[in-house]
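Visitor: need a structure here:
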Amino acid sequence: MKFRARFEDGRTREVEAAENGRSRELALDGTSSRYDAAALGDGRWSLIAEDGAHAEVSVGREADGTVRVQIGPDVLRFELADELTARALAATGKGGSRRTGDVRAAIPGRVLRVLVAEGDTVEEGTTLLVLEAMKMENEVRARHAGRVRAVDVAAGQAVATGDVLVRFADD
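Guide: You can find the predicted model right below:
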């Protein structure tokens, strides 16, 4: 399956993934690598490369929908779109990095704490709220600096995937 990954710094890479039993093949921009993979649970994997190198990898989704991959101390965050969606976004001029707009729930859960209010000015990375999902607390962070236009949820409220949590002003 082919995807396009757009990283926080604006880089875009073509990703192709295939699996055959425990074997996984991953190609980044056409350069292919093969791994034996064993699921450890909770989005964690043990990977062994063809050269015998071993890594433990954690993969999950952030509340804003980005994919988070941690390999040892290194963390990568990126937006992932299938190839057709990526081409459609690029053709309509919407393929650029999102700088304004709504923060939506990436997974269903329950709002534990809301840490911002309407009118607050936040920096990129500021924790907006804490969402409990799958018995884990997930910090929902601002993807960019801006002014909070509205907070559409309250502590204790259940949310579904795609529900708007926080809206930013378009200033």
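Visitor: ok now whatever helix or strand Arg24 lives in, how far from the chain's centre?
Guide: Following DSSP states H and E, one finds Arg24 within strand 23-28. Put simply, strand 23-28 sits 20 Å off its chain's centre (C-alpha atoms, centre = their mean, to the nearest Å).
Visitor: the protein: helices as residue ranges?
Guide: Assigned by DSSP state H, the helices in the chain fall at 83-91.
Visitor: by mean pLDDT, flag the weakest helix or strand of it.
Guide: helix 83-91 (a mean of 55; mean pLDDT, DSSP states H and E).
Visitor: can you list the strands that the strand holding Arg24 pairs with?
Guide: Partners of strand 23-28 in the sheet, by DSSP bridges, are strand 12-20 (antiparallel), strand 31-41 (antiparallel).
Visitor: and the chain, split by domain according to the record?
Guide: Using automatic domain parsing, the domain parsing of the chain gives 2-87, 101-168.
Visitor: highest average neighbour count across the ones you listed?
Guide: domain 101-168 (a mean of 16; mean count of other C-beta atoms under 10 Å). Backbone N, C-alpha and C define where each C-beta goes, glycine included.
Visitor: setting aside sequence neighbours, what's the nearest residue to Arg113?
Guide: Val130 (4.5 Å; C-beta to C-beta, 6 or more residues apart in numbering).
Visitor: how close does that neighbour get to Asp42?
Guide: Per C-beta to C-beta, to the nearest Å, Val130 is found 18 Å from Asp42.
Visitor: same check on Glu124?
Guide: Glu124 is 27 Å from Asp42, by C-beta to C-beta.
Visitor: before we move on, what about Val111?
Guide: From Val111 to Asp42 the distance is 22 Å (C-beta to C-beta).
Visitor: do Ala145 as well
Guide: Taken as C-beta to C-beta, the span from Ala145 to Asp42 is 32 Å.
Visitor: what sits against the spatially most central residue of the chain?
Guide: Geometric centre of the chain, nearest residue: Thr66, 1.6 Å, by C-alpha atoms, centre = their mean. Thr66 makes contact with 77-79, 106, 143, according to C-beta atoms under 8 Å, 6 or more residues apart in numbering.
Visitor: mind doing that once more with 7 Å?
Guide: Each residue near Thr66 by C-beta atoms under 7 Å, 6 or more residues apart in numbering is listed here: 77-79.
Visitor: wait, isn't Phe3 in contact with Leu80?
Guide: Yes - counting by C-beta atoms under 7 Å, Phe3 touches Leu80, with 5.4 Å between them.
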